[in-house]
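Engineer: Predicted model and sequence below, questions to follow.
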Amino acid sequence: MARQKVVGEGAEPPKKKFTRAKRDATSEPVESAPVLDPSPDTVEDAPLNALRPTSFDDYVGQREVLDSLKIAVQAARSRDEAVDHVLFNGPPGLGKTTLAHIISKEFGSKLTQTSGPTLERPLDMVGLLSNLEKGEVLFIDEIHRIPRAVEEYMYSAMEDFKVDFVTGKGTYSRTLTYRLAQFTLVGATTRAGMLSGPLRDRFGLTYHLDFYSPEELSQVVTRSAGILGVQINQEGSDEIARRSRGTPRIANRLLRRVRDYAQVNADGMITGKIATHALTSEGVDEMGLDRLDRLYLTTLADQYSGGPAGLNAIAATVNEDAQTLEDVVEPFLLKIGLIVRTPAGRKATQAGMDHSGVPSLISPGPQQASLL
């Protein structure tokens, strides 16, 4: 028979260690969960983060979104309340994470960053929420990938700033309510349709970020070149912007590649000619399509005669994941009108057939004779 350890009269029973948080006396302690990412402020000197705008005035593009956010932040700050919960949706690389950082800095609060796939258990979400301070911004990237069991704990947290959870089992179970400080949840998603209705309805501010114009991207390139200490003229900025697929992240990546090319093969000055040679050698054409984009387009135009063709069939032909094609390749091809989605599948437009270099098999048909 196993011996049981007896606690003496004068000794205190062992206690669980809980996270330290400033709460009122009625709050119940909640165990911590190691799901937090390091604060973005600790890596602010990293090359990529150095190019992030740090204020609304530095941010280029998305003017309607910025104007609405400025009003929301200013109003909340004047009332000494947390900013309403914000949801950003749109293709990757358009500045959703950057806007979350700007909201935090403009409001003068801390930012805690995590992502949907890391929140696997309800305890992860409870531990995360219990450590937030008043006015703090919680940024969840890929929020559509949060499990449904975890998502249910967010409803009361977002609406009433409290979390209800059950302890014990059977007749010894009881419901505990943990009061939370007022915080702002900023969610980012590339697939807004995958969010459940109850979660989406609890965001007071919802914005869709669209692709940038070449003029806006030219401003982004010029600003980033100044931060990196790169000499560039207007023609060079315009050429990089034109090939950046309407995405600031891609514009900054192409700028660094052109900078390397200019440093090795020229005097370091980026001109329109240097940018053209550098990006062509990188496999980026004049419309911003890379090798995978052109492979997708030529496969659809040549092997499937312009379509319609199913996404899985195209993915198997180009030996690429269907999800990658749908999330990375197709949005820009749809935006510039090279393909269309039909009930029967993907189909190349006339512009797409022309760009792929495959003659169109669609004939205009016989002309109808005039009656007069």
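Structural biologist: Yes, it's here. Residues are numbered from 1 along each chain as shown.
Engineer: Can you give the domain ranges for this protein?
Structural biologist: Using automatic domain parsing, the domain parsing of the chain gives 40-208, 214-281, 294-356.
Engineer: Same list, those, but as TSV with distance to residue 288 please.
Structural biologist: (Glycine included, C-beta is placed from N, CA and C.) What follows is these, written out as TSV (distance: least, C-beta to C-beta, whole Å):
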stretch	distance to residue 288
domain 40-208	12
domain 214-281	4
domain 294-356	7
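Engineer: tell me the most buried of the ones you listed?
Structural biologist: For these, average neighbour numbers computed from mean count of other C-beta atoms under 10 Å are highest in domain 214-281, which has a mean of 20.
Engineer: Could you list the low-confidence segments of the protein?
Structural biologist: 1-49, 168, 170, 360-372 (pLDDT under 70).
Engineer: what about the strands in it?
Structural biologist: With strands called from DSSP state E, the chain shows them at 86-89, 111-115, 137-141, 162-167, 174-179, 184-189, 205-208, 339-342, 345-348.
Engineer: Including distance to residue 296, could the ones you listed go into TSV?
Structural biologist: Below are the strands of the chain laid out as TSV (distance: least, C-beta to C-beta, whole Å):
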stretch	distance to residue 296
strand 86-89	24
strand 111-115	28
strand 137-141	26
strand 162-167	45
strand 174-179	49
strand 184-189	24
strand 205-208	24
strand 339-342	8
strand 345-348	9
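Engineer: Let me see the ranges of the helices in the stretch 51-200 of the chain.
Structural biologist: For the stretch 51-200 of the chain, applying DSSP state H, counting those that start in this stretch gives helices covering 63-79, 96-107, 122-130, 148-160, 197-201.
Engineer: Distance to residue 262 added to the ones you listed, as CSV?
Structural biologist: Shown next, in CSV, are the helices of the stretch 51-200 of the chain (distance: least, C-beta to C-beta, whole Å):
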stretch, distance to residue 262
helix 63-79, 32
helix 96-107, 26
helix 122-130, 45
helix 148-160, 48
helix 197-201, 46
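Engineer: Now do the contacts for the nearest residue to residue 302 once chain neighbours are set aside.
Structural biologist: Once flanking residues are discounted, residue 302 sits nearest to residue 358: 4.9 Å by C-beta to C-beta, 6 or more residues apart in numbering. By C-beta atoms under 8 Å, 6 or more residues apart in numbering, residue 358 lies in contact with 298, 301, 302, 306.
Engineer: change it to 10 Å
Structural biologist: 297, 298, 299, 300, 301, 302, 303, 305, 306, 348, 352 (C-beta atoms under 10 Å, 6 or more residues apart in numbering).
Engineer: Over to residue 239?
Structural biologist: Counted by C-beta under 10 Å, 6+ apart, residue 239 has contacts 214, 218, 221, 232-233, 254, 258, 270-276, 278-279, 286.
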